[in-house]
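Q: give me a 3D structure for the following:
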Amino acid sequence: MNPPINCATIKRSAEDSSEQSQEMKNLSSKVAVVTGAASGIGQALCVELARHGAHIAMCDVDEQGLHTTQSLVAGFATKATTHKVNVANRAAMEQLPAQVLADHGHIHLVINNAGVSFMDTVEHASIEDFEWLKGINFWGVVYGSKFFLPHLLREAESHLVNISSLFGFIGVPSQAGYCASKFAVRGFTESLRQEMVGRPIGITSVHPGGIDTNIVSNSRFTQGFNVSSQEELVGHFKRMAITSPAQAAQTIVEGIIKNRPRVVVGRDAKLFDWVQRVLPVRYANVFALLTPKPR
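A: Numbers count the residues shown, from 1 in each chain. Below is the predicted model:
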């Protein structure tokens, strides 16, 4: 027979874990690594981090976009370096910490932000699309966590941030691959956070809702649920994307400074986080009210 659950003991354990967490009190002169830094949330994070006085190693496959981001942070009294890297490439990611250390000397903060999407049903999607997305959205996070973690733990205070999604809470049609990757990032990050209790590092899982970025226009589109073209999908997404990248970056950086284990970005994400908690199975009925209807 299993022993009875002692709620008071669980509460004390949770409080003790919270007390053991290490806050990054400020970001001034800290060295931050940001993947997916060439556009969207990643670019806005670089600007926000520079505003807080952090030095930044900006990483992306888009070299031109990296130079644009570098120009945006040039007015701040911080050091910013660019690193062209594919986060799905294990060898490249394994070498990246040494490159950052050579340029900056320390690594205090890592934000695994790079992500892609494709839209198709499970029935019709190709295995290659699933593998492509998993390589960036999941393995990129694993590599960025695993290979940087030893360096983060050498610092007196450090932080690791993995970007999941609103779709790390709920599943939606035509986004099975994306949802699966973001559920995986959430589970990976929450497990790692428990492993790091008592160590000098904060671990945060971030769940943005609709952010006005190019992720949908840059996605692979085959066919969508009640959407006939990628242009129609982009138009619908733009109407639903109620949060700017700059607003998202401000919320995420605030979460880092306050050492929040989970950061939910945007009113839409907060709403569906709540709906999923209240209706863990039937939340799909609510989501259906907001999705495009067949023509």
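
Q: now stretch 261-269: how far from the chain's centre is it?
A: Distance of stretch 261-269 from the chain centroid (Cα atoms, centre = their mean, to the nearest Å) equals 11 Å.

Q: begin at 667 from here
A: That works, and once the first residue is 667, the last one we named lands at stretch 927-935.

Q: buried ones in it, by neighbour count?
A: Residues of stretch 927-935 classed as buried under the neighbour-count rule (16 or more other Cβ atoms under 10 Å) are Pro927, Arg928, Val929, Val930, Val931, Gly932, Asp934, Ala935. Any C-beta I mention is one placed from the backbone N, CA and C, and that applies to glycine too.

Q: which residue ranges of this structure form helices?
A: Assigned by DSSP state H, the chain shows helices spanning 673-686, 706-717, 729-738, 756-770, 793-800, 806-812, 815-818, 842-861, 896-906, 911-923, 933-944, 949-954.

Q: for the longest one, name the packing helices and strands.
A: What that stands for is helix 842-861. Counting contacts by 3 or more Cβ pairs under 8 Å, 6 or more residues apart in numbering; DSSP states H and E, helix 842-861 packs against helix 793-800, helix 806-812, strand 824-829, strand 867-874.

Q: with just CA atoms, put the shortest one into CSV.
A: Translated: strand 824-829. Output of strand 824-829 as CSV, limited to C-alpha atoms (Å, rounded to 0.1, in the frame of the first residue of the first chain):
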residue,chain,number,x,y,z
SER,A,824,23.5,32.2,-14.2
HIS,A,825,20.3,31.5,-16.1
LEU,A,826,19.0,29.2,-18.8
VAL,A,827,15.9,30.1,-20.8
ASN,A,828,14.1,27.8,-23.2
ILE,A,829,11.4,29.2,-25.5
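
Q: what score does the nearest residue to Leu858 once chain neighbours are set aside have for pLDDT?
A: Computed as Cβ to Cβ, 6 or more residues apart in numbering, the closest residue to Leu858 that is not its neighbour in sequence is Ile869, at 5.6 Å. If you check Ile869, the pLDDT there is 98.

Q: can you tell me what sits against stretch 750-766?
A: With contact meaning Cβ atoms under 8 Å, 6 or more residues apart in numbering, stretch 750-766 is reached by 697, 699, 701-702, 723, 725-727, 729, 732, 747, 749, 773, 778, 780, 798, 801-802, 805-806, 809-810, 813-814, 817.

Q: so how far is Phe814 from Ser737?
A: Ser737 sits 26 Å away from Phe814, going by Cβ to Cβ, to the nearest Å.

Q: for those two, indicate the residue with more neighbours.
A: With neighbours defined as other Cβ atoms under 10 Å, Ser737 and Phe814 compare such that Phe814 has more, 21 against 10.

Q: quick one, what contacts the more buried one?
A: Here Phe814 is in contact with Val699, Leu762, Pro763, Ile773, Val776, Leu826 (Cβ under 8 Å, 6+ apart).

Q: now render those as CSV, adding neighbour count.
A: What follows is these, written out as CSV (neighbours: other Cβ atoms under 10 Å):
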residue, neighbour count
Val699, 28
Leu762, 24
Pro763, 20
Ile773, 23
Val776, 28
Leu826, 26
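
Q: and those, which two are the farthest apart?
A: Using Cβ to Cβ, the pair of these lying farthest apart is Leu762 and Leu826, separated by 14.3 Å.

Q: tell me the one of the contacts of Phe814 nearest Trp940?
A: Nearest to Trp940 among these, with distances taken as Cβ to Cβ, is Leu826, at 26.4 Å.

Q: now the helices and strands packed on helix 842-861 in JSON lines, with distance to Ala950?
A: Below are the helices and strands packed on helix 842-861 laid out as JSON lines (distance: least, Cβ to Cβ, whole Å):
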{"stretch": "helix 793-800", "distance to Ala950": "22"}
{"stretch": "helix 806-812", "distance to Ala950": "26"}
{"stretch": "strand 824-829", "distance to Ala950": "24"}
{"stretch": "strand 867-874", "distance to Ala950": "18"}
